[in-house]
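# Quick check, what structure comes out for this input:
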Amino acid sequence: MRQKKKLDYKKIIAEIKGGNQGSFRLLYNRFAPLFKGIAYRYVGSADESNDVIQEAFVKIYKNLNSYSFKGSFEGWMKRIVVNCCLEYMAKRKKIKFESEALLVNTSSSSWDLPISEMSVQEIVELINKLPDGYRTVFNLSVIEGYTHKEIGEQLGISESASRSQLTKAKGKLKELLKSIHIYSAAKA
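Take a look at the predicted model:
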């Protein structure tokens, strides 16, 4: 496996600010595949993820002056990508959350299913089968590491709604995994 050469972000940012399009292209080529994967997890479509990534890189370019070199530059860019995904979904009214009255606060911690035997693509496809609200909270919490308070603030829902959406998402994923496991066992 080839290791990617570590980038000197201060130098690249200075070059981009100085108008060096090659440096921005380098940044795009390095991070676009990763960011497309993130966008795909949120919007569930390759075409839509490309739209989100284009918007995200425009925002990254326009906001380079606001990066303070505190914390990870990659993390700063990822946050822009996630925010672009959420904005994209909100504009299209894609995120639908269950009413808090319908949400159940149950624990779904048993993940003893064949997830370790699945490819990353299969797992992403499974996550994309979740309803938009579940998928969004699952991505923000489990994959991005946001707290329920942060998720609630970003999505305009309560912390308890975020927790419940995550519980429901895990429950739905568990059902989907069981159906895959049953299907795999029947095939064997």
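# State the helix or strand in which residue 13 lies.
helix 9-17 (DSSP states H and E).
# If you average the pLDDT over stretch 120-133, what comes out?
Confidence for stretch 120-133, expressed as mean pLDDT, is 85.
# and for the helix or strand residue 57 falls within, what are the contacting residues?
Per DSSP H and E: residue 57 is located in helix 46-62. Residues outside helix 46-62 that contact it (C-beta atoms under 8 Å, 6 or more residues apart in numbering): 16, 24, 27-28, 32, 35-36, 39-40, 42-43, 77, 80-81, 84-85, 87-88. Where C-beta positions appear, they are placed from N, C-alpha and C, glycine not excepted.
# between the next helix or strand after it and helix 9-17, how many degrees?
Going down the chain from helix 46-62, the next helix or strand is helix 73-91, by DSSP H and E. Interaxial angle, helix 73-91 versus helix 9-17 (axes from the mean of the first three to the mean of the last three C-alpha atoms, to 10 degrees): 50 degrees.
# Show me what the helix or strand just after helix 73-91 is packed up against.
Downstream of helix 73-91, the first helix or strand assigned by DSSP H and E is helix 120-127. Contacts defined by 3 or more C-beta pairs under 8 Å, 6 or more residues apart in numbering; DSSP states H and E place helix 120-127 against helix 21-43, helix 159-187.
# if you set the cut-off to 7 Å instead, what comes out?
On a contact count with 3 or more C-beta pairs under 7 Å, 6 or more residues apart in numbering; DSSP states H and E, helix 120-127 meets helix 21-43.
# So which elements touch the helix it packs on?
With contacts defined as 3+ C-beta pairs under 7 Å, 6+ apart, helix 21-43 has these neighbours: helix 9-17, helix 46-62, helix 73-91, helix 120-127.
# Same list (those helices) but as JSON lines, adding mean neighbour count and distance to residue 157.
As requested, those are exported to JSON lines (neighbours: other C-beta atoms under 10 Å; distance: least, C-beta to C-beta, whole Å):
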{"stretch": "helix 9-17", "mean neighbour count": "15", "distance to residue 157": "34"}
{"stretch": "helix 46-62", "mean neighbour count": "17", "distance to residue 157": "21"}
{"stretch": "helix 73-91", "mean neighbour count": "18", "distance to residue 157": "12"}
{"stretch": "helix 120-127", "mean neighbour count": "14", "distance to residue 157": "19"}
